[in-house]
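Chemist: Show me the folded form of this:
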Amino acid sequence: MRNETVVTDVTVVGGGLAGVCAAIAAARLGRSVALVNNRPVLGGNSSSEVRVWVCGATAHGTHRYARETGIMGELFVENQYRNKDGNPYLWDMAVHEAVRAEPNIELFLNTDVHEVEADGEENDRTIRSATGWMMGSERRIRFESKVYLDCTGDGLVGFLAGAKYRLGREAREEFQEDWAPLVADDITLGSTLLFYTKDAGHPVKFKAPSIAKDIAKTTIPERRIIRSGDNGCAYWWIEWGGERDAVHDNEGIRDELWSVIYGIWDYIKNSGKFDAENMTLEWVGSIPGKREYRRFVGDYVLNQNDILAQREFEDRVAFGGWSIDLHPPQGVYATEAGSKHLHMDGNYHIPFRSLYSANVNNMLMAGRDISASHVAFGTTRVMATCAVIGEAAGAGAALCAAKGVTPRELHADHLRELQQTMLRQDASILGLRNEDEADLARKAAVGASSERRRFAVERTAGTAALETDIGLTVPVDPTLDGIELLVDASADTTLTVELWETGRAENYVPSGKVQQASAPVAAGGLQWVKLDLRWQPAKACNAFLIVKANDALALHLDDRPTTGALAYWKGDKPRVSSDLEEHQPDQPVVQWSMRRFARQTPCIRLMGPTAAFAAAKAIDGYVRPYGGPHMWSSERIAAGRPEWLELTWREPVDIRQVHVTFNDDVNEDLINLHHHITPFEAMPTLVKDYRIEAYVGGSWRTVAEGRDNYKRKRVHALDAAVKAERLRIVVESTNGSEYAEIVEVRVYA
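Modeler: I've put the predicted structure just below:
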């Protein structure tokens, strides 16, 4: 046996997506990091060992412009480019290579941390070391750091260090949560095993093993959806253990889940109710995907009311959007729906105070063990949200290590620095703007080859009958001076459109009615109908237009997405049976669904010019849609005419580093596995080929360039500082868009 000691600034225990993003975030900020994982692969529940697809704030298209950016966003986009068909092993490699690309990270796989040395009083503990055993290598490794991150999911490190934690469900009265039980208990969400099948191309018999359960004697066939061609994601409901101890009974929970899987497969193969003669099992999981165990107590416990109110915490460092998603304790054997969902109107905010321990002064946590009530945990637990929390905790840990302060002291004295550091890294925070004093772009005047001043979608590729209300969001910047819609009419009739505000800048639902307008329409096709809707809001925002149902009318659609506009169908039923998932149909984001209009835009013209895509938007401080697109967009690209964005300073500045953030359409829901397939490898809205030019000595000189780009953010470190008073990003081509679009430019000396 070898005894070793590894000394780093930060130790991250747990290699799920929360731990991966935490480690990368800390490493990119210059800290040395030990990333310790007890499995042979990274990714946790998303890895090829468990194969849960990565859900997040988009909630599979329920929330708009909600896909995560920052490190999780990089992983989504990279996986889409390499692996759009969702091979789980290629996802493993995408995550693994992201970690290996960081020279400041030492990675320790197959290393199970089971000892923690901590001292101090109950309310003021300090972790001195964490020790793990590297399986298969006979190495006992002691990790010593200034700061520790518990990203284990089960919360083992914090537990061993004496951190305060909760287990189970709080009583309703503690946080006044409607979805909490009247009396507190120790019930948690259960664990799941998944399986994959394939068509072997010839008959395959199946003799059930002795452990297989006869599911015909259970409620499963009546209360759950079983189909011979489904596998993996469709069987998330094979869940059990909510009334057991998810850790200490882990082996028994796995055995029960195995018995259910083999019982379901026996039912599919041998009941005679399915066309499955040539089907065979390709893979069955052996590691239960745990949903819940310990949740640590931080300086703030996030709760249901914070989620639904979308409370705008001063110390917000991440966001989420998955519904509050709770499951019955009996899991697969429950007679009620397998899950029930409570949606908020838009993305909600997560405070930094929920990411560090209340009593262990050098421990942060990320993932499903953060400081949240059981009900709030029902949404924060999904992996993409865990990942952005991980990035926030990792950035916080890096600053704590650099400054020699505790997370609580960082919150008290350096919160703005933490948030601005994260924004510089393109992290997932809503409603905060760039105030980085070192960013030279903020002091520049901005111009462009052209600006998209006319907002019009005029190409038609089909129609949608107005059998129900159809919604449409468009930017209003600074005013709305009327609209035109392209319609077909089967008879003389009247077109009516309501104008609503959306309330919060991060929301895309009708919140308050402003006005309505009607116009007569004669029978006939391809008619542009003008509606006199006029609005001058106090500041730039989105308008929610409701085109009222009319059996005589059909609305024309372009079969391509348009930056800044989204369409909704009112009253869509959930995609799955209410016996399996119980949703709240009257909630606005459920009532107004984007699913029927995926990558489609109604044909519309805004009558007046818009400033929503002005060149100055590229330095307005926002790096994602928030009450408007917040990006520069050129006019439609013309052959032989390059489009460019230009920064000009009054005096020459020293330029050493240029950050360019392109539009990767964060409304597009990317999934790492086979939940659904997004058809393109690179987002069409992304700039593909570009060059960065500086005006030096009376002429333009190329100082950096990008070729075959498919990434959202590119950082160009110049070989030597360039002194110039003008800088251009020249767009040569895109990945398919007709417009050149840049979300943000930053310049550093």
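Chemist: Look up the closest residue to Arg442, ignoring the ones flanking it.
Modeler: Spatial nearest neighbour of Arg442, chain neighbours left out: Ile619 (5.9 Å); criterion: Cβ to Cβ, 6 or more residues apart in numbering. Any C-beta I mention is one placed from the backbone N, CA and C, and that applies to glycine too.
Chemist: Near the one you found, how many other residues are there?
Modeler: Applying other Cβ atoms under 10 Å, we find 22 other residues in the vicinity of Ile619.
Chemist: Likewise for Ile389?
Modeler: 32.
Chemist: check which helix or strand covers it.
Modeler: helix 383-403 (DSSP states H and E).
Chemist: elements contacting the helix or strand containing Leu485?
Modeler: In the assignment (DSSP H and E), Leu485 maps to strand 480-489. Secondary-structure packing of strand 480-489 (3 or more Cβ pairs under 8 Å, 6 or more residues apart in numbering; DSSP states H and E): strand 493-501, strand 524-535, strand 541-547, strand 553-558, strand 604-606.
Chemist: my guess is Val20 is in a helix, correct?
Modeler: Yes: counting by DSSP: H, G, I helix; E, B strand; the rest coil, Val20 is found in a helix.
Chemist: which residues touch Met135?
Modeler: 38, 110-112 (Cβ atoms under 8 Å, 6 or more residues apart in numbering).
Chemist: most surrounded residue in those residues?
Modeler: For those, the largest neighbour count, defined by other Cβ under 10 Å, is 24 neighbours, found at Thr111.
Chemist: okay, now the closest residue to Ala161 other than its chain neighbours: neighbour count?
Modeler: Residue nearest to Ala161 in three dimensions, not counting chain neighbours: Ala118, with 4.1 Å by Cβ to Cβ, 6+ apart. Ala118: 20 surrounding residues under other Cβ under 10 Å.
Chemist: if I read this right, Ala118 contacts Gly162, doesn't it?
Modeler: Yes: counting by Cβ atoms under 8 Å, Gly162 is a contact partner of Ala118 at 5.9 Å.
Chemist: so which of the helices and strands packed on strand 480-489 gets nearest Ala57?
Modeler: Relative to Ala57, the nearest member of the helices and strands packed on strand 480-489 by Cβ to Cβ is strand 541-547, separated by 17.6 Å.
Chemist: ok, the closest one: who's next to it in the sheet?
Modeler: strand 470-476 (antiparallel), strand 493-501 (antiparallel) (DSSP bridges).
Chemist: Can you mark which positions in the longest one are buried?
Modeler: Taking 16 or more other Cβ atoms under 10 Å as the neighbour-count basis, strand 493-501 is seen to contain the buried residues 493, 495-501.
Chemist: now the residues you listed as JSON lines including pLDDT and distance to Lys269?
Modeler: Output for those, formatted as JSON lines (pLDDT from 0 to 100; distance: Cβ to Cβ, whole Å):
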{"residue": "Thr493", "pLDDT": "98", "distance to Lys269": "55"}
{"residue": "Leu495", "pLDDT": "98", "distance to Lys269": "55"}
{"residue": "Thr496", "pLDDT": "98", "distance to Lys269": "55"}
{"residue": "Val497", "pLDDT": "98", "distance to Lys269": "54"}
{"residue": "Glu498", "pLDDT": "98", "distance to Lys269": "54"}
{"residue": "Leu499", "pLDDT": "98", "distance to Lys269": "56"}
{"residue": "Trp500", "pLDDT": "98", "distance to Lys269": "52"}
{"residue": "Glu501", "pLDDT": "98", "distance to Lys269": "55"}
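Chemist: quick one: Ala130 is in a strand?
Modeler: Yes: per three-state DSSP, Ala130 lies within a strand segment.
Chemist: ok, back up a step: can you tell me which of the helices and strands packed on strand 480-489 comes nearest to Ile324?
Modeler: strand 541-547 (23.9 Å).
Chemist: hey, where'd the helices end up in the stretch 101-250 of the chain?
Modeler: 156-161, 172-175, 220-223, 250-270 (DSSP state H, counting those that start in this stretch).
Chemist: weakest of those in terms of mean pLDDT?
Modeler: Among the helices of the stretch 101-250 of the chain, helix 220-223 has the lowest mean pLDDT, at a mean of 90.
Chemist: any weak-confidence spans in the stretch 451-600 of the chain?
Modeler: 573-579 (pLDDT under 70).
Chemist: still on that earlier bit, which one of the helices and strands packed on strand 480-489 lies closest to Lys146?
Modeler: For the helices and strands packed on strand 480-489, the distance to Lys146 is smallest for strand 541-547, at 44.1 Å, taking Cβ to Cβ.
Chemist: For that closest one, which residues meet the burial criterion?
Modeler: 541-547.
Chemist: Give me the pLDDT value at the residue nearest to Ala161.
Modeler: 98.
Chemist: Roughly how far does it sit from Asn361?
Modeler: Using Cβ to Cβ, to the nearest Å, Ala118 is found at 10 Å from Asn361.
Chemist: any chance you could map the helices in the stretch 301-450 of the chain?
Modeler: Using DSSP H, counting those that start in this stretch, helices in the stretch 301-450 of the chain cover 304-309, 374-380, 383-403, 407-413, 415-424.
Chemist: buried ones in the first one?
Modeler: Taking 16+ other Cβ under 10 Å as the basis for neighbour counts, the residues of helix 304-309 that come out buried are 304, 306-308.
Chemist: Which of these lies at the shortest distance from Tyr89?
Modeler: Distances from Tyr89 to the buried residues of helix 304-309, taken by Cβ to Cβ, are shortest for Ile307, at 35.0 Å.
Chemist: The residue lying closest to Gly447 once chain neighbours are set aside: neighbour count?
Modeler: Nearest non-adjacent residue to Gly447, counting by Cβ to Cβ, 6+ apart: Glu646, 4.8 Å away. Neighbour count for Glu646, taken as other Cβ under 10 Å: 19.
Chemist: circling back: which residues are in contact with each of Ala118 and Gly162?
Modeler: With Cβ under 8 Å, 6+ apart, Ala118 and Gly162 have common neighbours 125, 360.
Chemist: can you tell me which of the contacts of Met135 are in strands?
Modeler: 111-112 (DSSP state E).
Chemist: mind putting the contacts of Met135 in TSV, distance to Asn270 and pLDDT included?
Modeler: What follows is the contacts of Met135, written out as TSV (distance: Cβ to Cβ, whole Å; pLDDT from 0 to 100):
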residue	distance to Asn270	pLDDT
Asn38	38	97
Asn110	39	98
Thr111	43	98
Asp112	40	98
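Chemist: list residues touching both of Ala118 and Asn361?
Modeler: Common neighbours of Ala118 and Asn361 (Cβ under 8 Å, 6+ apart) are 125-126.
Chemist: Dump stretch 102-117 to CSV, restricted to CA.
Modeler: Output of stretch 102-117 as CSV, limited to C-alpha atoms (Å, rounded to 0.1, in the frame of the first residue of the first chain):
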residue,chain,number,x,y,z
GLU,A,102,-7.3,22.2,-17.5
PRO,A,103,-3.6,22.0,-16.4
ASN,A,104,-4.5,23.2,-12.8
ILE,A,105,-6.6,20.0,-12.2
GLU,A,106,-5.2,16.8,-10.8
LEU,A,107,-7.8,14.1,-11.5
PHE,A,108,-8.2,11.1,-9.2
LEU,A,109,-10.7,8.5,-10.5
ASN,A,110,-11.7,5.3,-8.6
THR,A,111,-10.9,7.1,-5.4
ASP,A,112,-13.4,6.7,-2.6
VAL,A,113,-13.1,9.4,0.1
HIS,A,114,-14.2,7.9,3.4
GLU,A,115,-12.2,9.8,6.0
VAL,A,116,-12.3,13.4,6.9
GLU,A,117,-10.2,15.2,9.5
